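Chemist: got a predicted structure plus its sequence, pasted below:
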Amino acid sequence: MPAIDGPALTDLPQPHERPDQGAFVRLRLVRLKTRQEFLAVAGARRKFTTPGLMLQAMARADADTAEARVGFTASRKVGNAVVRNRSKRRLRALAAEILSARAAGATDYVLVCRQETAVRPFDELRRDLTTALGRLKLLRDAAP
(Lines give C-alpha, C1' and ligand atoms only; values in the text may rest on other atoms or scores of the structure.)
Protein backbone atom coordinates (compact mmCIF):
# COMPACT_ATOMS: atom_id res chain seq x y z
CA MET A 1 0.00 0.00 0.00
CA PRO A 2 1.29 3.47 -0.78
CA ALA A 3 1.85 5.82 2.14
CA ILE A 4 -0.41 8.86 2.19
CA ASP A 5 0.90 12.09 3.66
CA GLY A 6 -1.64 14.39 5.34
CA PRO A 7 -5.17 13.86 6.58
CA ALA A 8 -7.55 11.40 5.02
CA LEU A 9 -9.93 12.82 2.45
CA THR A 10 -12.93 12.28 4.73
CA ASP A 11 -11.29 14.34 7.51
CA LEU A 12 -11.20 17.50 5.39
CA PRO A 13 -14.17 19.89 5.30
CA GLN A 14 -16.29 19.31 2.25
CA PRO A 15 -16.92 22.25 -0.10
CA HIS A 16 -20.62 22.50 0.77
CA GLU A 17 -20.16 22.70 4.55
CA ARG A 18 -18.47 25.21 6.81
CA PRO A 19 -15.83 23.92 9.26
CA ASP A 20 -17.89 25.14 12.26
CA GLN A 21 -21.22 23.87 10.93
CA GLY A 22 -22.85 21.62 13.51
CA ALA A 23 -19.89 22.02 15.85
CA PHE A 24 -19.94 23.75 19.20
CA VAL A 25 -18.03 27.02 18.88
CA ARG A 26 -16.30 28.60 21.87
CA LEU A 27 -16.55 32.36 22.18
CA ARG A 28 -13.50 34.48 21.54
CA LEU A 29 -12.98 36.61 24.66
CA VAL A 30 -11.67 40.15 24.21
CA ARG A 31 -10.75 42.33 27.19
CA LEU A 32 -12.51 45.54 28.17
CA LYS A 33 -9.79 48.06 29.00
CA THR A 34 -11.04 51.63 29.19
CA ARG A 35 -13.05 53.26 31.94
CA GLN A 36 -15.64 54.31 29.35
CA GLU A 37 -16.27 50.65 28.40
CA PHE A 38 -16.69 49.64 32.05
CA LEU A 39 -19.07 52.55 32.72
CA ALA A 40 -21.15 51.66 29.66
CA VAL A 41 -21.67 48.11 30.98
CA ALA A 42 -22.52 49.43 34.46
CA GLY A 43 -24.91 51.94 32.89
CA ALA A 44 -26.90 49.15 31.28
CA ARG A 45 -28.05 48.31 34.83
CA ARG A 46 -28.21 44.60 34.13
CA LYS A 47 -26.50 42.73 36.94
CA PHE A 48 -26.75 39.80 39.30
CA THR A 49 -24.87 39.41 42.56
CA THR A 50 -23.83 36.12 44.18
CA PRO A 51 -21.68 35.56 47.28
CA GLY A 52 -18.53 35.13 45.18
CA LEU A 53 -18.92 37.72 42.44
CA MET A 54 -21.10 40.27 40.72
CA LEU A 55 -21.81 39.91 36.99
CA GLN A 56 -22.75 42.96 34.93
CA ALA A 57 -23.80 42.53 31.29
CA MET A 58 -24.69 44.64 28.29
CA ALA A 59 -25.82 43.33 24.89
CA ARG A 60 -24.20 44.83 21.79
CA ALA A 61 -26.19 44.91 18.58
CA ASP A 62 -23.22 45.69 16.32
CA ALA A 63 -20.96 42.90 17.61
CA ASP A 64 -19.89 39.54 16.28
CA THR A 65 -21.92 36.70 17.84
CA ALA A 66 -18.76 34.57 18.15
CA GLU A 67 -17.12 37.18 20.38
CA ALA A 68 -17.70 38.49 23.89
CA ARG A 69 -15.86 41.28 25.65
CA VAL A 70 -15.03 40.81 29.31
CA GLY A 71 -13.55 43.01 32.02
CA PHE A 72 -12.51 42.42 35.62
CA THR A 73 -12.52 44.83 38.52
CA ALA A 74 -11.81 44.76 42.24
CA SER A 75 -12.23 47.70 44.57
CA ARG A 76 -10.07 48.38 47.60
CA LYS A 77 -12.86 47.03 49.79
CA VAL A 78 -11.90 43.55 48.57
CA GLY A 79 -8.52 43.75 50.27
CA ASN A 80 -4.93 44.77 49.69
CA ALA A 81 -3.23 44.51 46.30
CA VAL A 82 -2.26 40.86 46.79
CA VAL A 83 -5.85 39.84 47.55
CA ARG A 84 -7.28 41.95 44.70
CA ASN A 85 -4.85 40.46 42.19
CA ARG A 86 -5.56 36.92 43.38
CA SER A 87 -9.29 37.54 43.09
CA LYS A 88 -8.95 38.88 39.55
CA ARG A 89 -6.74 35.92 38.53
CA ARG A 90 -9.41 33.53 39.78
CA LEU A 91 -12.11 35.39 37.84
CA ARG A 92 -9.98 35.37 34.67
CA ALA A 93 -9.60 31.59 34.93
CA LEU A 94 -13.33 31.27 35.51
CA ALA A 95 -14.14 33.44 32.50
CA ALA A 96 -11.86 31.41 30.24
CA GLU A 97 -13.60 28.24 31.37
CA ILE A 98 -17.27 29.28 31.66
CA LEU A 99 -17.84 32.43 29.60
CA SER A 100 -16.08 31.14 26.50
CA ALA A 101 -18.04 27.88 26.58
CA ARG A 102 -21.48 28.78 27.93
CA ALA A 103 -22.15 32.53 27.69
CA ALA A 104 -24.06 34.32 24.96
CA GLY A 105 -22.01 36.13 22.34
CA ALA A 106 -22.24 39.79 21.22
CA THR A 107 -22.29 40.84 24.89
CA ASP A 108 -20.00 42.78 27.21
CA TYR A 109 -19.43 41.25 30.64
CA VAL A 110 -17.84 42.75 33.74
CA LEU A 111 -16.95 40.44 36.61
CA VAL A 112 -16.66 42.33 39.88
CA CYS A 113 -14.71 40.79 42.76
CA ARG A 114 -16.23 40.58 46.20
CA GLN A 115 -14.51 39.89 49.51
CA GLU A 116 -15.39 36.19 49.22
CA THR A 117 -13.86 35.81 45.75
CA ALA A 118 -10.31 35.20 47.00
CA VAL A 119 -11.27 32.49 49.52
CA ARG A 120 -14.40 30.90 48.06
CA PRO A 121 -13.86 27.34 46.71
CA PHE A 122 -13.48 27.37 42.92
CA ASP A 123 -16.40 24.97 42.38
CA GLU A 124 -18.69 27.39 44.21
CA LEU A 125 -17.36 30.32 42.15
CA ARG A 126 -18.09 28.29 39.02
CA ARG A 127 -21.63 27.69 40.25
CA ASP A 128 -22.00 31.41 41.11
CA LEU A 129 -21.07 32.48 37.58
CA THR A 130 -23.33 29.88 35.97
CA THR A 131 -26.20 30.97 38.22
CA ALA A 132 -25.64 34.64 37.36
CA LEU A 133 -25.59 33.87 33.62
CA GLY A 134 -28.78 31.86 33.97
CA ARG A 135 -30.59 34.57 35.93
CA LEU A 136 -29.63 37.19 33.33
CA LYS A 137 -30.77 34.78 30.57
CA LEU A 138 -27.32 34.79 28.97
CA LEU A 139 -26.58 31.09 29.35
CA ARG A 140 -26.42 29.05 26.17
CA ASP A 141 -26.47 25.28 26.12
CA ALA A 142 -23.10 23.60 26.22
CA ALA A 143 -22.14 20.92 23.73
CA PRO A 144 -23.05 17.39 24.85
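Modeler: Structure received. Residues are numbered from 1 along each chain as shown.
Chemist: pull out the buried positions in the lowest-mean-pLDDT helix or strand in the chain.
Modeler: Ranked by mean pLDDT, DSSP states H and E, the weakest helix or strand in the chain is helix 100-102, scoring a mean of 92. Across helix 100-102, burial judged by 16 or more other CB atoms under 10 Å covers residue 102. C-betas here are computed from N, CA, C, even on glycine.
Chemist: list the contacts of that helix.
Modeler: 26-29, 68, 130, 133, 139-142 (CB atoms under 8 Å, 6 or more residues apart in numbering).
Chemist: wait, doesn't residue 91 sit right on residue 120?
Modeler: No: contact criterion CB atoms under 8 Å: residue 91 and residue 120 do not qualify, at 11.0 Å.
Chemist: those two: who's more crowded?
Modeler: More crowded of residue 91 and residue 120, by other CB atoms under 10 Å: residue 91, with 25 against 19.
Chemist: for the more buried one, which residues are in contact?
Modeler: Residue 91 sits next to 53, 72, 111, 113, 117, 125 when contact means CB under 8 Å, 6+ apart.
Chemist: tell me which element it falls in.
Modeler: helix 81-94 (DSSP states H and E).
Chemist: off-centre distance for that helix?
Modeler: 15 Å (CA atoms, centre = their mean, to the nearest Å).
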